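In: structure for this input, please:
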Amino acid sequence: MRKSIDYEGLVAALLEALPEITPTFRALSSRWGQDYLPHVVFGDVVTKYFLIPLLEAPVPDRALLERAFAFLEAMATSADVHVREVVEVSVCEGLQERQEWMQAARAYMGPETLRLCSGI
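Out: So this is what the prediction gives:
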């Protein structure tokens, strides 16, 4: 059984689960320095520069989207409330900026991610 993701290890867990994000993370975090919060990483790196382009692609990479949303579902079911808040605030709110993003994302979301995104 997978260990619950905690807030302290959230960014490291992200980079392990989705190494495709690493180049974008490194480019943006070099501007932020060492003082970046998981909310910033998930709002900018994950949502804006990773999920949205994948969802908008003419032929979406389904396998990569499934892996990404499986990780978000693991976050959404974490025992750590701060991890769940990152999904709700930094991912769900970003996806809800445009109806077509949220509609496309719903096809990949697990039940708890859907619940968090519906509560906004």
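
In: just the buried residues of whichever strand or helix holds residue 16, please?
Out: Following DSSP states H and E, the helix or strand that holds residue 16 is helix 10-17. Of the residues in helix 10-17, 10, 11, 13, 14, 15, 17 count as buried by neighbour count, 16 or more other Cβ atoms under 10 Å. All C-beta atoms are positioned from the backbone trio N, CA, C, and that covers glycine.

In: quick check: the gap between residue 32 and residue 40.
Out: Using Cβ to Cβ, to the nearest Å, we find residue 32 at a distance of 7 Å from residue 40.

In: these two: who's more crowded?
Out: residue 40 (15 against 12; other Cβ atoms under 10 Å).

In: which SSE is the more buried one in?
Out: Using DSSP H and E, residue 40 falls in helix 38-40.

In: what's the following helix or strand after that helix?
Out: Criterion used, DSSP H and E; the element after helix 38-40 is helix 52-56.

In: so which residues make contact with that following helix?
Out: Outside helix 52-56, the residues within contact range by Cβ atoms under 8 Å, 6 or more residues apart in numbering are 60, 61, 64, 65, 68, 94, 95, 101, 104, 105.
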